[in-house]
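> Let me see the structure of the following:
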Amino acid sequence: MSDTKDETADEKARVRVAINMLRDDFEELKKLAEEDGETVSGYLRKALATERYLKTRTKGGVGSL
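Next comes the predicted model:
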């Protein structure tokens, strides 16, 4: 097996996460997820991917987008 294959398997391993947040924030999160046709988990994954993308694109400074 190659290291790349092992890393890919590890990256896709799932974990159960519990977080504390205000009820109003959670209700807003659920609403946004529903409007987007996503589960809360799916919506959070998309938000994380967007954040990673923006950070990658802006590492060169303001105006890199």
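
> Do a quick rundown of the helices in this structure.
3-11, 23-35, 40-58 (DSSP state H).

> out of those helices, which comes closest to residue 17?
helix 40-58 (8.9 Å; C-beta to C-beta). (Each C-beta comes from the backbone N, C-alpha and C, glycine too.)

> chain center to the closest one: distance?
How far helix 40-58 lies from its chain's middle: 5 Å, per C-alpha atoms, centre = their mean, to the nearest Å.

> Please apply the same query to stretch 37-54.
Distance, centroid of stretch 37-54 to centroid of chain: 4 Å (C-alpha atoms, centre = their mean).

> Grab the CA positions of it and hand them over as PDB.
C-alpha atoms of stretch 37-54 as PDB (Å, rounded to 0.1, in the frame of the first residue of the first chain):
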ATOM      1  CA  GLY A  37     -31.100  21.100   0.600                       C
ATOM      2  CA  GLU A  38     -28.400  19.900   3.100                       C
ATOM      3  CA  THR A  39     -28.200  18.300   6.400                       C
ATOM      4  CA  VAL A  40     -26.600  20.300   9.200                       C
ATOM      5  CA  SER A  41     -23.500  18.100   8.900                       C
ATOM      6  CA  GLY A  42     -23.400  18.500   5.100                       C
ATOM      7  CA  TYR A  43     -23.800  22.300   5.500                       C
ATOM      8  CA  LEU A  44     -21.000  22.500   8.000                       C
ATOM      9  CA  ARG A  45     -18.700  20.500   5.600                       C
ATOM     10  CA  LYS A  46     -19.500  22.900   2.800                       C
ATOM     11  CA  ALA A  47     -18.800  25.900   5.000                       C
ATOM     12  CA  LEU A  48     -15.500  24.400   6.000                       C
ATOM     13  CA  ALA A  49     -14.600  23.800   2.400                       C
ATOM     14  CA  THR A  50     -15.500  27.300   1.500                       C
ATOM     15  CA  GLU A  51     -13.400  28.700   4.400                       C
ATOM     16  CA  ARG A  52     -10.400  26.600   3.300                       C
ATOM     17  CA  TYR A  53     -10.800  27.800  -0.300                       C
ATOM     18  CA  LEU A  54     -11.000  31.500   0.700                       C
END
